[in-house]
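Asks: pasting a predicted model and its sequence here:
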Amino acid sequence: MARSRRARLPDLDEIALSLPEVTRDPTEGGRPAYQVRGRTFAFARGPRKDAFDPGTGELYDDVLAFSCTAEDKEAMVGDESSPWFTTPHWNGYNAVLLLERDLPKVTVAELREVLTDAWLAKAPKRLAASFVEDQS
């Protein structure tokens, strides 16, 4: 299998919007939030005091959040070489964070897997089951 290229910001839109019944807010431009039937599964978030550069203390202004399972979160943030992270604010919430500037640290295939899993975590059960069946 050919190695997937590194992810870029336009891949986020392309992959998320390829999933069933996904809407983007705002529909074009701006920092996106992706929803399936009104339930947000991935979004770009503005600077918040819980996510900052430990070297400079500056707030991150390019945080992306993705829903996931507790098991996936543990595996993703537990790998020290991984660009995925969390903050104390996100304790108890099944989501992982990624800086936009770190998108090239993941492949398009990895981003597709994370977005699909995020979608599956928030999609209604029948819609998710239908999607999984169609992928088989």
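Replies: Alright, I've got the coordinates. It should be emphasised that the depicted structure is a prediction, and the values quoted were computed from it without experimental measurement.
Asks: for residue 117, grab phi and psi.
Replies: Torsion angles at residue 117 (phi, psi; degrees, to the nearest 10) stand at phi -60, psi -40.
Asks: likewise for residue 34?
Replies: Backbone torsions of residue 34, given as degrees, to the nearest 10, read phi -110, psi 130.
Asks: how close does it sit to residue 18?
Replies: Distance, residue 34 to residue 18, by CB to CB, to the nearest Å: 11 Å. Backbone N, C-alpha and C define where each C-beta goes, glycine included.
Asks: quick one: list the elements packing against the longest strand anywhere in the chain.
Replies: Longest strand of the chain, by residue count under DSSP state E: strand 39-45. For strand 39-45, the packing partners by 3 or more CB pairs under 8 Å, 6 or more residues apart in numbering; DSSP states H and E come out as strand 33-36, strand 63-67, helix 108-122.
Asks: what's in contact with that strand?
Replies: 12, 16, 31-35, 62-67, 100, 115, 118-119, 121-123 (CB atoms under 8 Å, 6 or more residues apart in numbering).
Asks: list the buried residues in it.
Replies: 40-44 (16 or more other CB atoms under 10 Å).
Asks: which one's more surrounded, residue 34 and residue 18?
Replies: Of the pair residue 34 and residue 18, residue 34 is the one with more neighbours under other CB atoms under 10 Å, namely 26 against 12.
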